[in-house]
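> Give me the fold of what follows.
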Amino acid sequence: MEWAKKTLFIAVYLLIMLGLIAGKEFNASEEDPTRSTTIVVSYTEYEWWLIKWKDNTVLCQILIDHEGLPTIEEVAETCGPELALLWQNTPLCKSNQNCKGLYVHLTAERPKQEEMIIELPPATVWIDLEGCDPIPPENLCASMPTLLLIGEEPLPEENITAIQGFYDGVHFYCSGEICRLPLQPTPLEGVTVEFWADSSYGDSSEHYYARVRVIDTGVSQEPGRGGWYVDIISSQWEGAPIGSCAAIWEAFPPIGAPPTWLTTPERHELISSEEPYYYLAGRLISQGLIDASSCPSNGLLPNGYANTCGLESARELVEEWQNLFDARIIEVSDDIGIPAQLMKNLFAEESQFWPGVFRVPYEFGLGQITDNGVDAVLLWNPGFYNQFCPLVLSEETCEGGYLSLTEEQAAILRGALAVQAKVDCPECPTGVDLNNTYYSVMLFAKTIQANCVQIGSTVYNATDLMAGEVSTYEDLWRFTVANYHAGPGCVSFAIHSAWNNNSPILTWEDVSTRFTVPCQGVVPYVNKITQ
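I've put the predicted structure just below:
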C-alpha cells in the first residue's frame, strides 16, 4: 500500500475504532462473522510516462497516488530495474536538445476510489486472582483465592456476552465479561484451564490456556502462617510475572521457593561472593591495578594466573571486582526473568568476572559469548533478530528471518552480535570498558533465554509433549546450562537417547549419562554451576 493510501487508511481506521463510523460488514455469514470491515478510500491517481530523450518514445506508464515525482522503487516496479536505474542516472537536461537518457512526464490526474478491508482487533480474556496477590517466588496466599477471568472487547458498541471453557476437563459458563471460578487443591503437576470469551459481535475470542497449581502449605492455619501456594502459568496472566523460562516450558518452579542457584534476591548484596579467583587476580595484576612486584615473578604464573603471593596481594580488589556487576545482574534478572544467582554462577565459571579476552580468543564478556553462541538468540528470539539484523544487513536481506540468510550473511550477523560483548579497551584505566560490560550482561541473559526456548523445542521434538510435562523446572535449567556450554547437538542427542530408552520422565541424572564422549565434559560443568 502506498504512503498516501496508508495515511488515509490509518485515519479512517481510528475513526472506526472511536465509533464515529457506524456499522460493520461481515466477510462471511452472520453465523460466522470475521473481524473485518470494508471502507472506500478516495485518492488522486497521477499518471506519469517514462520517455526517451532521443526520440520521445514512451517506454512505460507509471501510476502513483502521491504528489511529486515517482520514486526509484515505483519506476522499477512498473518499468523494471534497468530502466529505473537508467532514469536515475540521467543528468538534468536544460536545453531539451541532444539530451541522453530518460525523463518522466506527468500526463494526467484522476480522482479514484479503492475498497479496503480493515482487520478489526479481536476480543480477548485475561486471567488473575481475586482475594490474593501472590508474590514470586513463594506465591503464598493466606486463604484460598478465586480464579478471575476478565473479558475485553475492543470494538465500540460491542461487549463480552459470556466467558466459558473447561477447568480440569469440566465445562464452565459465566454470563458477562467477568467469570469467577472457586479454586480447589490440585495435584503437584497442576491442572489445565481452557477459556475463551463470546462477543456480541457474533464471534468468540481465541481459546487460551493456563496451568494452575494450588498446594496446601501443610502448616497450621494460624494468622500469619500456613495457607496455599498458588502458581499460574499463562500468556494471559495479569499478576506478577513468572520467570520467562518457566512460562516457555510451562514448568512450575518448586513449591514454596526454588533452590538457591535459581533465585533472584531483592538486594544485590545477597549474591555477593568472596572467592579466591587466581585468574581474575592475574588479570588485575597484569593490567597494573595491583602492585605485586614484591612477589616471585611479580605475582604471576607463566599461564597468566596469579601465584599464591599474587593472589594475596590482589585479594581485596579480587573480592571487590567479583561483586562489581551484582546490581546489574539483579536488574537484568528482573527484566528478562533469568535467575540472578544462576547468571552469577555462570559468570564465575566462564570468566571469573574478567570480561576481557585472554584465555580463549573470540570469547567475549562476562559470559564468554562466542559468535556461534549468539546463534541461539538470533534463531530463537525473532523479536531480537528483527531489531538487530537491519543494523548490520539490509532490511531486504533480513526480511526472511535468520534461517533465510546465506551462511556468509549469518556468519557476519553472528560476528557483529558477539563483538557487541567485546569490552577490551587499551585506553581505559582498567583495560576493559565497564559500560560495555554492563551491556553484555543483558546480551548474555537474552542468550540464555534463547537457550531456554531451544531446550523447550528439543524436548517437544523428542517427546511430543511440553517440557514441563516430562521434566522438572530444575532439570530443565540444567539442560539449558548444558545447551549453552556444549551446544544443542550434544544435548539433543542425550535427551533423545534418554526418551527413546523408555524413560518415563527426563531427569538430569539420566540424561547426563547419555552424552557422547566428546560432550561428557559438560556434566561436571553443569553440576558445578547448579550446586
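
> for E349, helix, strand, or coil?
helix (DSSP: H, G, I helix; E, B strand; the rest coil).

> Quick check, pLDDT for the closest residue to it other than its chain neighbours.
Using Cβ to Cβ, 6 or more residues apart in numbering and skipping the chain neighbours, the partner closest in space to E349 is I529 (5.9 Å). C-beta here means a position set from N, CA and C on the backbone, and glycine is covered the same way. For I529, the model assigns a pLDDT of 95.

> ok, now K5?
48.

> Which residue ranges of the stretch 251-400 of the chain form helices?
Here the stretch 251-400 of the chain has its helices, by DSSP state H, counting those that start in this stretch, at 278-286, 308-321, 326-336, 340-351, 375-380, 382-388, 395-398.

> orientation of the longest one relative to helix 278-286 in degrees?
The reference is to helix 308-321. Calculated by axes from the mean of the first three to the mean of the last three Cα atoms, to 10 degrees, helix 308-321 forms an angle of 90 degrees with helix 278-286.

> Pull the residues that contact helix 308-321.
Contact partners of helix 308-321, identified using Cβ atoms under 8 Å, 6 or more residues apart in numbering, comprise 273-274, 276-278, 280-282, 284-285, 289-292, 294-296, 298-300, 306, 353-354.

> can you give me the offset of that helix from its chain's centre?
38 Å (Cα atoms, centre = their mean, to the nearest Å).

> CA-only coordinates of that helix, as PDB, when you get a sec.
Presented in PDB, the C-alpha positions along helix 308-321 are these (Å, rounded to 0.1, in the frame of the first residue of the first chain):
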ATOM      1  CA  THR A 308      49.700 -17.600  45.800                       C
ATOM      2  CA  CYS A 309      51.600 -14.400  46.700                       C
ATOM      3  CA  GLY A 310      50.000 -12.500  43.800                       C
ATOM      4  CA  LEU A 311      46.500 -13.600  44.900                       C
ATOM      5  CA  GLU A 312      47.200 -12.400  48.400                       C
ATOM      6  CA  SER A 313      48.300  -9.100  47.100                       C
ATOM      7  CA  ALA A 314      45.200  -8.700  45.000                       C
ATOM      8  CA  ARG A 315      42.800 -10.300  47.400                       C
ATOM      9  CA  GLU A 316      40.900  -7.200  48.400                       C
ATOM     10  CA  LEU A 317      40.400  -6.000  44.800                       C
ATOM     11  CA  VAL A 318      39.500  -9.500  43.700                       C
ATOM     12  CA  GLU A 319      36.600  -9.600  46.200                       C
ATOM     13  CA  GLU A 320      35.500  -6.100  45.200                       C
ATOM     14  CA  TRP A 321      35.700  -6.800  41.400                       C
END
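
> and among the helices of the stretch 251-400 of the chain, the most buried is which?
Highest mean neighbour count of these: helix 278-286, a mean of 24 (counted as mean count of other Cβ atoms under 10 Å).

> Just give me the residue right at the centre of the protein.
Centroid-nearest residue in the chain, with Cα atoms, centre = their mean: N381, separated by 4.7 Å.

> so what's it scoring on pLDDT?
pLDDT for N381: 91.

> That one: what's it in contact with?
Counting by Cβ under 8 Å, 6+ apart, N381 has contacts 446, 449-450, 453.

> Now with 10 Å, please.
Contact analysis of N381 by Cβ atoms under 10 Å, 6 or more residues apart in numbering lists 387-388, 402, 446-447, 449-450, 453.
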